[in-house]
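predicted structure and sequence below. I'll ask about it afterward.
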Amino acid sequence: QVQLVESGGGLVQAGGSLRLSCAASGRSFSTYTMGWFRQAPGKEREFVAAITWSGTNTYYADSVKGRFTISRDNAKNTVYLQMNSLKPEDTAVYYCAGGTAYRTIGDRTGRAYDYWGQGTQVTVSS
């Protein structure tokens, strides 16, 4: 069992930056693919970024490519999402998720991820 706790959300002006953190408990964190998803009011959940267990491979939604960076520190059981050049359309609740590599490969719906955090609100003002 893995528990995920996000932090780092808040209110920021357009063009600003935030770094989200997701702290994981459990022995298998370093073997999981980790992802970030977001959901804005009235919209479906959206893939943001994912990182493989070793950190070697990262994947991004086109809407955040070049602005967001996902990373992980397996020694600290933590995954990060550095968000730069934020836009009002980035406003959403951001969720951290984890899942086994073979199930999550290619998945951008979130359905293959087994573990989810409670979410952290990111609000970008114009």
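Good, I have the coordinates. Residues are numbered from 1 along each chain as shown.

off-centre distance for the lowest-mean-pLDDT helix or strand in the chain?
Across the helices and strands of the chain, mean pLDDT, DSSP states H and E gives its lowest value to helix 101-104, namely a mean of 86. Centre-to-centre, helix 101-104 and its host chain are 16 Å apart (CA atoms, centre = their mean, to the nearest Å).

what does it contact?
Contact partners of helix 101-104, identified using CB atoms under 8 Å, 6 or more residues apart in numbering, comprise 31-33, 35, 50, 52-53, 112-114. To be clear about C-beta, it is placed using only N, CA and C from the backbone, and glycine gets the same treatment.

which among those count as buried?
The neighbour-count criterion (16 or more other CB atoms under 10 Å) marks 32-33, 35, 50, 52-53, 112-113 among those as buried.

among those, which are located in helices?
Among the buried ones among the contacts of helix 101-104, no member falls in helices (DSSP state H).

A49 is in contact with V64, correct?
Yes. Counting by CB atoms under 8 Å, A49 is a contact partner of V64 at 6.7 Å.

and the nearest residue to L11 once chain neighbours are set aside, how many neighbours?
Using CB to CB, 6 or more residues apart in numbering and skipping residues adjacent in sequence, the residue nearest L11 is T123, 4.7 Å away. Applying other CB atoms under 10 Å, we find 15 residues neighbouring T123.
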